[in-house]
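1. Dropping a prediction and its sequence here:
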Amino acid sequence: MRDYFIKFIGLISIPALLGAASSIGYVKTLQGNVTITHKDKTIVPLKQGDKVFEKDLIKTADRSTVGITFEDNTRISIGSNAEFFVDAYLFEPANKNVAFKSNLFKGSMGCVTGLISKIKPDAMEIKAKTATIGIRGTSFVVEVKE
Amino acid sequence: MKSLLILATFLLFFLTGCAPKVQITLLPEENGKVGVISLSDNKGKEYTINQAYEVLEVSPKNEIEQKQDTESNIQAKYAEVLKALPPKHQSFLLYFGFDKATLEEKQIEGLKEIAALIKKGNIAEVMCIGHSDSAGDKEYNKILSLQRAKNVAKALIADFVNQSLITIEYYGDADPLVPTTNNKPNAQNRRVEIILK
């Protein structure tokens, strides 16, 4: 029994590790109409619990918001009529190989940083129009006013 | 000449007033701590905010204005987006002996309660993250931290947590709870963190 159990564990832990590398976060809060445009240009309406991937473009409609928790515990929220793009997301904490680069094209976003900015203070960057914001472990709101 | 100046001032006001501006506001974290945000303007001058509700406003020409706002103003202004922020994850820590990856009887009992919580709650993922202290070889520590995480995952599966929910990660000594100098045994850093997402 014990032997069987150990083999069983060996089998599950490998897919578990692979699974962690593909998606980068989950939709935890959702209000109204929010869509995601994946890298391959497919557009999907988002619902709670959905996975988020690198190179995803997230768009919120009027009176719609979304909250996402990323692998490294970075938490973000996106307000209504906003566009947010995840340009690069890399989280290999054992090798201190981390990056989180995103772009807020319009609207506002809130953020509480997680492990990425803790492990490597200059790894997190948000672009908003002309500004490239360097973030060192904190909580903040960014707004692109039209 | 005077009217031209007025017109120019008006135009300038009109243009800058309409063009998109970026506003960054620093918020206090849950523990009351406040971080740091830095930005450089078009002349390369660096602006840093490090107080709660301090604001940097960036014009399209990348001119920066720094100001202090109030908690009530900011909470009202950004009520919608702040409400959508996901809550902090529930997380649990299990500590290990020096160079050990095995769980004690008491910890196995404690994991039963966490397993019950997982089965009850709307949990999308259970992360088991292994850590080590900085004593010893870095590569060895990575393997040790992985083994710790695997043992915790094993115990959760034995308590009938759906194995597809579980992800295993290991940081070696890259993310200490208590920062130490290199090559230091530290009981608080020898741990597995379970995060319920």
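-> Cool, got the structure.
2. Tell me the spacing between the residue in chain B positioned nearest to chain A and A:I135.
-> Here chain B gets closest to chain A at one residue, B:G35, 2.2 Å apart by C-beta to the nearest C-beta. C-beta: built from backbone N, CA, C; applies to glycine. Distance check for B:G35 against A:I135: by C-beta to C-beta, to the nearest Å, it reads 7 Å.
3. More neighbours: these two, which one.
-> Neighbour count, other C-beta atoms under 10 Å in any protein chain shown: between B:G35 and A:I135, A:I135 has more, with 26 against 21.
4. Now do the contacts for the more buried one.
-> A:C111, A:T113, A:S117, A:M124, A:E125, A:I126, B:G35, B:I37 (C-beta atoms under 8 Å, 6 or more residues apart in numbering or on different chains).
5. one more time with 7 Å, if that's ok
-> A:T113, A:S117, A:M124, A:I126, B:I37 (C-beta atoms under 7 Å, 6 or more residues apart in numbering or on different chains).
6. Tell me the spacing between it and B:K67.
-> Taken as C-beta to C-beta, the span from A:I135 to B:K67 is 19 Å.
7. show me where pLDDT drops low in chain A?
-> Where chain A drops to pLDDT under 70, the residues are A:1-21.
8. Tell me how many other residues surround A:L57.
-> Neighbour tally, A:L57, other C-beta under 10 Å: 18.
9. Count the residues that sit near A:G32.
-> Using other C-beta under 10 Å, A:G32 is surrounded by 12 other residues.
10. ok, now which ones touch it?
-> So A:G32 contacts A:A61, A:R63, A:S64, A:T65 (C-beta under 7 Å, 6+ apart).
11. now with 10 Å?
-> A:T60, A:A61, A:D62, A:R63, A:S64, A:T65, A:V66, A:S80 (C-beta atoms under 10 Å, 6 or more residues apart in numbering or on different chains).
12. I'd like to know which of those are buried.
-> Neighbour counting by 16 or more other C-beta atoms under 10 Å in any protein chain shown classes A:T60, A:S64, A:T65, A:V66, A:S80 among the contacts of A:G32 as buried.
13. quick one: contacts for the fourth one?
-> Contacts were defined as C-beta under 10 Å, 6+ apart; by that measure A:V66 touches A:27-36, A:46, A:48, A:50, A:52, A:58-60, A:76-80, A:82, A:84, A:109, B:81, B:84, B:86.
14. Which ones among those map onto strands?
-> Members of the contacts of A:V66 lying in strands (criterion: DSSP state E): A:27-31, A:34-36, A:52, A:58-60, A:76-78, A:84, A:109.
15. What subset of those is buried?
-> A:27-31, A:34, A:36, A:52, A:58-60, A:76-78, A:84, A:109.
16. List, out of those, those positioned next to chain B.
-> Among those, proximity to chain B is found for A:V27, A:K28, A:T29, A:L30, A:Q31, A:V34, A:T60, A:I76, A:S77, A:I78, A:M109 (C-beta under 10 Å from any C-beta of the partner chain).
17. Return the residues in contact with the closest residue to A:G67 other than its chain neighbours.
-> What sits nearest to A:G67 in space, not counting adjacent residues and going by C-beta to C-beta, 6 or more residues apart in numbering or on different chains, is A:T29, at 3.4 Å. Taking C-beta under 10 Å, 6+ apart, we find A:T29 in contact with A:48, A:65-69, A:75, A:77, B:83-87.
18. with these in mind, which one is nearest to B:I168?
-> A:T69 (18.3 Å; C-beta to C-beta).
19. measure the closest one to A:E83 for me?
-> From A:T69 across to A:E83, the span is 20 Å (C-beta to C-beta).
20. The two - which one has more neighbours?
-> It is A:T69, of A:T69 and A:E83, that has more neighbours when counted by other C-beta under 10 Å, with 26 against 16.
21. So which residues of chain A form helices?
-> A:2-22, A:115-119 (DSSP state H).
22. do the same with chain B
-> B:2-18, B:71-77, B:79-83, B:105-120, B:138-158.
23. I'd guessed A:D56 sits against A:Y89; true?
-> Yes. Here A:D56 reaches A:Y89: they are 9.4 Å apart, a contact under C-beta atoms under 10 Å.
24. got the buried residues for stretch A:43-53?
-> A:L46, A:D50, A:K51, A:V52.
25. nope, stretch B:151-170 is what I meant
-> Within stretch B:151-170, the residues that qualify as buried are B:151-157, B:159, B:161, B:163, B:165-170, counting by 16+ other C-beta under 10 Å.
26. same question, stretch A:120-130
-> A:K120, A:A123, A:M124, A:E125, A:I126, A:K127, A:A128, A:K129, A:T130.
27. if I look at the fourth one, how far off is chain B?
-> What that stands for is A:E125. As judged by C-beta to the nearest C-beta, to the nearest Å, A:E125 and chain B stand 11 Å apart.
28. What's opposite the nearest residue to that residue once chain neighbours are set aside in the beta bridge?
-> Nearest non-adjacent residue to A:E125, counting by C-beta to C-beta, 6+ apart: A:K101, 4.9 Å away. Note on A:K101: beta-bridge partners by DSSP bridges are A:A88, A:E125.
29. Tell me who's in contact with A:K101.
-> A:54, A:85-90, A:123-127, A:132.
30. if you set the cut-off to 8 Å instead, what comes out?
-> Per C-beta under 8 Å, 6+ apart, neighbours of A:K101: A:D87, A:A88, A:Y89, A:M124, A:E125, A:I126, A:K127.
31. ok, so of those, who is nearest B:E125?
-> For the contacts of A:K101, the nearest to B:E125 is A:Y89 (16.0 Å; C-beta to C-beta).
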